[in-house]
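J.: My questions concern the predicted model and sequence given below.
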Amino acid sequence: MCYTVCIRLECRTYIVRFGFNQADSRSGGSSFSLPTKQAAQSAAGRQKGDTNMKFKKQIPNMLSVFRLILIGVFIALFKNERYLLSFFVYIFAFGTDILDGWLARRNNWITNAGKVLDPLADKLMLIAVLACFWFKGVIPLYIMLIILVKDAIMIIVGGILYSKHVVVYADWFGKIATGLFVGAITLTFLQLEFGICPFYLYAYFAAIAAAVISFFHYGINTFIRNRKKK
């Protein structure tokens, strides 16, 4: 007869086997044996694998945080009239947005925190860019105010819902609006630096229309998800 006991000490697993036969039972003797390091190495390998996976799942979130840092870099460059450099910073930030979304979907590294952090970084970057343009006098105030009010409402509502474990993340309407704003901002920089795109304001009208549609679609999704949560 054999009994097996698993003992876990300091993240290592030891397997102790107690066994006795009839002769041992008559004499009152018993025996036990400790196996090789295979069990401990297996446990350590599993623990290391879990740690690596947890770290990898945070890579998209790290990129979103990095994008938040780039907002300050953009503002500093724009303030010093380094328009081309500030434009490259903006495009680089937009590239990290594409990259973190691709990594999250491809590797299933999607987290609830990422669903909130990613659009938050996008909205704050957009607001910062439009605010800089307005201070420079290249876009009218109402363009910035429309986006500011819309995004402020979405950020506040998203934060409240996240505290209730209800997550409403960006959809394709929001992505289309983001793409149109990237185009409008690019045309604005071309006009600001080279004076070759006097029609750049018309691009904002299309972007704002898409943003308004995205806002109402967000509101509908928020209402539906909140009802399901209840």
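T.: The structure has been received and is ready for your questions.

J.: what stretches of this structure score poorly on pLDDT?
T.: Where the chain drops to pLDDT under 70, the residues are 1-50, 166-171, 225-226, 228-230.

J.: Map the structural domains onto the sequence of it.
T.: When the chain is parsed with automatic domain parsing, its domains come out as 2-47, 58-229.

J.: mind putting those in a markdown table, mean neighbour count included?
T.: For every residue, glycine as well, the C-beta is placed using N, CA and C. Shown next, in a markdown table, are those (neighbours: other C-beta atoms under 10 Å):
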| stretch | mean neighbour count |
| --- | --- |
| domain 2-47 | 11 |
| domain 58-229 | 16 |
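
J.: residues touching the most centrally placed residue in the chain, list them.
T.: Taking C-alpha atoms, centre = their mean, the centroid of the chain lies closest to residue 114, which sits 3.0 Å from it. If a contact means C-beta atoms under 8 Å, 6 or more residues apart in numbering, then residue 114 has 60, 61, 64, 100, 104 as its contacts.

J.: any idea how far the second one is from residue 196?
T.: Yep, that's residue 61 we're talking about. Going from residue 61 to residue 196 by C-beta to C-beta, to the nearest Å gives 38 Å.

J.: Over to residue 109?
T.: 41 Å.

J.: which secondary structure element contains residue 139?
T.: Secondary structure assignment for residue 139, by DSSP states H and E: no helix or strand.
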